[in-house]
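Colleague: Would you be able to build a 3D model of this:
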Amino acid sequence: MLTYTVNFVSYSFQFIENAAEDEHSVDAHVAMLQSQYRKKEQDMAVVSCRMEKTHSDRRAMVYNGISTKAIIDKYPTLKMPDQVLHIDIYLPIYL
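Modeller: Prediction:
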């Protein structure tokens, strides 16, 4: 578990692997996301579902120091307005 303290606020990060998603299923989700991104009109229900299923993979990439460009190249749907404005906050804040 990583713990960071900034301006007297403590953030605790835990990365929990999605046991249902192995490397092959993540690759299939990524392929579908890339396919949806290339479409003129994306099915946002599919995009949201696949983004949720690959959340732990993206968090692991960030944790392992993969560049932002590499992450966006793998997950181009992150550039879509619906995904840019989608914020998941799982950080407990202790004051």
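Colleague: and residue 31, how far is that from residue 37?
Modeller: 11 Å (CB to CB, to the nearest Å). Any C-beta I mention is one placed from the backbone N, CA and C, and that applies to glycine too.
Colleague: of these two, who's got more company?
Modeller: Taking other CB atoms under 10 Å, residue 31 and residue 37 do not tie; residue 37 has more neighbours (16 against 11).
Colleague: That one sits in which helix or strand?
Modeller: Per DSSP states H and E: residue 37 is located in helix 23-38.
Colleague: buried ones in that helix?
Modeller: Within helix 23-38, the residues scored as buried using 16 or more other CB atoms under 10 Å are 26, 29-30, 32-33, 36-37.
Colleague: cool, stretch 51-70 as well?
Modeller: By neighbour count on 16+ other CB under 10 Å, the buried set for stretch 51-70 is 51, 53-54, 56-59, 61.
Colleague: Measure how buried residue 47 is and give me the count.
Modeller: So residue 47, with other CB under 10 Å, has 20 neighbours.
Colleague: I'd like the average pLDDT over the helix or strand where it lies.
Modeller: If you go by DSSP H and E, residue 47 is part of helix 44-53. Model confidence over helix 44-53, given as mean pLDDT, is 90.
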